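1. following is a predicted model, sequence given first.
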Amino acid sequence: MSVIVMNTNPDGWAVWERFFDRVAESERMNVAEVAIAHEIGHCAEREAKGQDVAKAAFDPLEGEVFADIFATLYAQQFMGERARIALDTLQDLRDEYARREPTHATGERLKALQTQFQQLQGQPLTPVTMAQTASQLREAHIH
């Protein structure tokens, strides 16, 4: 089981300033929603791989790619127009922080998937099919 805890202490959100500084205050919860979907993506990947994932060799970057794809699919499916700025912010930060945080350098992979994301927009996806699609898209674009 995966558990996601939202810290209600404002000081706990200091690391989020790099996201929140880029968007209007009215967009902050949209950014947070995409971030939560990203974290749920990590849970979905573990579920999709089964119990052996904890024992298997794990590439942190590939996990981040999966979670970012999952979050993008979630945003397209459930957030509508609210997703646009949040996804742009995610892309910008992944590009900008690629050198400092190589385990989160998903920007190029996300850019490479833009056509596929556009083709999937409007198609009904469940959490299970989002996980399956995230896995397929990640595997299809491994560099």
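-> Good, I have the coordinates. Quantities reported herein were computed from a predicted structural model and do not represent experimental measurements. Numbers count the residues shown, from 1 in each chain.
2. against Leu93, how distant is Arg22?
-> Distance, Arg22 to Leu93, by Cβ to Cβ, to the nearest Å: 8 Å. In short, each C-beta sits where N, CA and C put it, glycine included.
3. and if you look at Thr133?
-> 23 Å.
4. repeat that for Glu101.
-> Per Cβ to Cβ, Glu101 is found 9 Å from Leu93.
5. hey, where'd the helices end up in the protein?
-> Using DSSP state H, the helices of the chain run over 17-20, 28-49, 60-78, 83-96, 107-112, 114-120, 127-140.
6. most tightly surrounded among these?
-> helix 60-78 (a mean of 22; mean count of other Cβ atoms under 10 Å).
7. who are the packing partners of that one?
-> Counting contacts by 3 or more Cβ pairs under 8 Å, 6 or more residues apart in numbering; DSSP states H and E, helix 60-78 packs against helix 28-49, helix 83-96, helix 107-112, helix 114-120, helix 127-140.
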